[in-house]
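Peer 1: no sequence for this one, just the structure:
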């Protein structure tokens, strides 16, 4: 009798909380990733607000410089490894099996494990702030010899990074195994949705570069505790070698943080333009080219270390080359919208914000790619402006666009469109108020990662801080809208974006080679 009861118990889903701990369902795990990412978003964001509050005026007023540096370091680590990457993995978990017609992820138990490593890794990482000497304060890049000074938090930070890396690698293996082995009959590679393609390529990047980061931080660990001198000049080591190893991971990593967002907006833009994606094949090849080129540009982060001229020229030209496939993508998105019957629901607004502001980040990146100019920009707020334009209105807007796009599918209910639009317009206004002035203070020579600054930078810094708090508080709308959708009464139809607007539009598969032919204008009839 007992044995029978136990077996019966194991057949159904586990009750209550235990269900979420033991689940192997890809949708449950995707949901866990997304909620975790949202929680870390507010933690990492509040760290950024500490930084901006200190920079509101010149002088030291709110926190001491050491804690300021801990906040800049932790903000970056939390946002990269705790927000953007888990959000993308959550979206992949939810949508990739559905998009390729798979019953679930290929390795469901490993899927569960790769998520549950993360809360422990981040508890340990954030816990270092409460240790003697505080958390890491050498910047997220952990450059020696700075990172080897100070308290005993370094091994905990490194162990947390190892755990995040293990989680990422397992997630990547799972996605590759799923895409290669579980596609429905007829779902050839060149018919896969763009989001699936971008994740497929991103997964290979993750497997290639996470072990490089693991190696770099392990060498740091042995330098500090086991008397090696990989990076210590006194023992025959070289601190610049750390930069080479770190950025060989770090540059492909920034593409890991943006490629899935390319895939997301490539799903959203065709839907709300009522047209197939323009140039599907070229989008796939452009994504693959970006991934390949990302491995041979790493030292553009290091133009000022004293490289030979030939090295600087090589890294300058290869970096400028990445602008080509990226430009192809922007061209294709714009061409998709050309002569389309466009409507501007929240997902489309965030996708459009992505295209416009990511392009601003791309142009400032092109400026930074030029060696002689970079000597002026390096380590100033211009660099901060550049990568935040790529990662906030870029990666983050891409994620938010995807969340609004699929939320009615996930919850079965519509979200509040008015609140969604408020979320977009407030975010867009404040994100530009926050990051655009940084271009100006950076060009004028304001260094990054410093808690005090010269008085001539005061006005732009005050504006940026107001933008930061505005943007931060605008994000409270996101969980509110999501919870309202979960609890909402207005049911969504099976074909969400058609049913909601009475739109007769279907995508042919495979997509046509071009979509320049005029499309019939679709009149939206709100039901």
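Peer 2: That came through fine. Worth saying up front: this structure is predicted, and the values here are computed from it rather than measured.
Peer 1: pretty sure residue 142 contacts residue 247?
Peer 2: No - counting by C-beta atoms under 8 Å, residue 142 sits too far from residue 247 to count as a contact (11.9 Å). In this view, the C-beta of every residue, glycine as well, is placed from N, C-alpha and C.
Peer 1: any low-confidence regions in this structure?
Peer 2: 1-13, 498-527 (pLDDT under 70).
Peer 1: can you check which helix is longest in it?
Peer 2: Determined from DSSP state H, the single longest helix within the chain is helix 194-225.
Peer 1: okay, buried residues for that one please.
Peer 2: Of the residues in helix 194-225, 194-203, 205-206, 208-210, 212-214, 216-217, 219-221, 223-224 count as buried by neighbour count, 16 or more other C-beta atoms under 10 Å.
Peer 1: following element in sequence after it, please.
Peer 2: For helix 194-225, the succeeding helix or strand toward the C-terminus, using DSSP states H and E, is helix 239-256.
Peer 1: name the residues that touch that next one?
Peer 2: Residues from elsewhere that reach helix 239-256, judged by C-beta atoms under 8 Å, 6 or more residues apart in numbering: 80, 85, 141-145, 202, 205-206, 208-210, 212-213, 215-216, 219-220, 230-233, 290-291, 294-295, 297-302, 305-306, 387, 390.
Peer 1: same question, stretch 461-478
Peer 2: Outside stretch 461-478, the residues that touch it by C-beta under 8 Å, 6+ apart are 38, 41-42, 45-46, 48-49, 52-53, 55-58, 400, 403, 419, 422-423, 426-427, 429-435, 437-438, 441, 453.
Peer 1: quick check on those: which are buried?
Peer 2: Among these, those classed as buried by 16+ other C-beta under 10 Å are 38, 41, 45, 48-49, 52-53, 55-57, 400, 403, 419, 423, 426-427, 430-435, 437-438, 441, 453.
Peer 1: so of the residues you listed, which ones are in helices?
Peer 2: Counting by DSSP H, the buried ones among the contacts of stretch 461-478 place 38, 41, 45, 48-49, 52-53, 400, 403, 419, 423, 426-427, 430-435, 437-438, 441 in helices.
Peer 1: what about residue 494, how many residues nearby?
Peer 2: 8 (other C-beta atoms under 10 Å).
Peer 1: can you check residue 104 too?
Peer 2: If we define neighbours as other C-beta under 10 Å, then residue 104 has 16 of them.
Peer 1: pretty sure it sits against residue 25.
Peer 2: Yes - the criterion here is C-beta under 8 Å, and residue 104 meets it with residue 25 at 7.0 Å.
Peer 1: any idea how far the residue nearest to the spatial centre of the chain lies from residue 73?
Peer 2: With distances taken as C-alpha atoms, centre = their mean, residue 84 lies nearest the centre of the chain, 3.3 Å away. Relative to residue 73, residue 84 is positioned 17 Å away (C-beta to C-beta, to the nearest Å).
Peer 1: could you do residue 209 as well?
Peer 2: 20 Å.
Peer 1: what's the answer for residue 342, then?
Peer 2: Counting by C-beta to C-beta, the separation of residue 342 from residue 73 is 42 Å.
Peer 1: need the contact list for residue 119.
Peer 2: By C-beta under 8 Å, 6+ apart, the residues touching residue 119 are residue 36.
Peer 1: which SSE is it in?
Peer 2: Using DSSP H and E, residue 119 falls within helix 108-127.
Peer 1: before we move on, back to that, for the longest helix of the chain, the distance to its chain's centre please.
Peer 2: Here helix 194-225 is found 15 Å from its chain centre; the criterion is C-alpha atoms, centre = their mean, to the nearest Å.
Peer 1: on contacts alone, who are the packing partners of that helix?
Peer 2: Contacts defined by 3 or more C-beta pairs under 8 Å, 6 or more residues apart in numbering; DSSP states H and E place helix 194-225 against helix 85-100, helix 154-181, helix 239-256, helix 259-273, helix 280-293.
Peer 1: count the neighbours of residue 132 for me.
Peer 2: By other C-beta under 10 Å, neighbour count at residue 132 equals 8.
Peer 1: let's verify the closest residue in space to it that isn't next to it in sequence: helix, strand, or coil?
Peer 2: Once flanking residues are discounted, residue 132 sits nearest to residue 151: 5.5 Å by C-beta to C-beta, 6 or more residues apart in numbering. For residue 151, the assignment made with DSSP: H, G, I helix; E, B strand; the rest coil gives coil.
Peer 1: ok, residue 151 - contacts?
Peer 2: The contact partners of residue 151, by C-beta under 8 Å, 6+ apart, come to 131, 132, 133, 134.
Peer 1: weed out the non-buried ones from these.
Peer 2: Of those, these count as buried by 16+ other C-beta under 10 Å: residue 134.
Peer 1: now do the same end-to-end measure for stretch 372-390.
Peer 2: 22 Å (C-alpha to C-alpha, to the nearest Å).
Peer 1: if you count neighbours, what's buried in that stretch?
Peer 2: For stretch 372-390, a neighbour-count test (16+ other C-beta under 10 Å) marks 374, 377-378, 380-390 as buried.
Peer 1: using JSON lines, lay out these together with secondary structure and distance to residue 117.
Peer 2: Output for those, formatted as JSON lines (DSSP: H, G, I helix; E, B strand; the rest coil; distance: C-beta to C-beta, whole Å):
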{"residue": "374", "secondary structure": "helix", "distance to residue 117": "37"}
{"residue": "377", "secondary structure": "helix", "distance to residue 117": "37"}
{"residue": "378", "secondary structure": "coil", "distance to residue 117": "35"}
{"residue": "380", "secondary structure": "strand", "distance to residue 117": "36"}
{"residue": "381", "secondary structure": "helix", "distance to residue 117": "35"}
{"residue": "382", "secondary structure": "helix", "distance to residue 117": "36"}
{"residue": "383", "secondary structure": "helix", "distance to residue 117": "31"}
{"residue": "384", "secondary structure": "helix", "distance to residue 117": "30"}
{"residue": "385", "secondary structure": "helix", "distance to residue 117": "33"}
{"residue": "386", "secondary structure": "helix", "distance to residue 117": "32"}
{"residue": "387", "secondary structure": "helix", "distance to residue 117": "27"}
{"residue": "388", "secondary structure": "helix", "distance to residue 117": "28"}
{"residue": "389", "secondary structure": "helix", "distance to residue 117": "31"}
{"residue": "390", "secondary structure": "helix", "distance to residue 117": "27"}
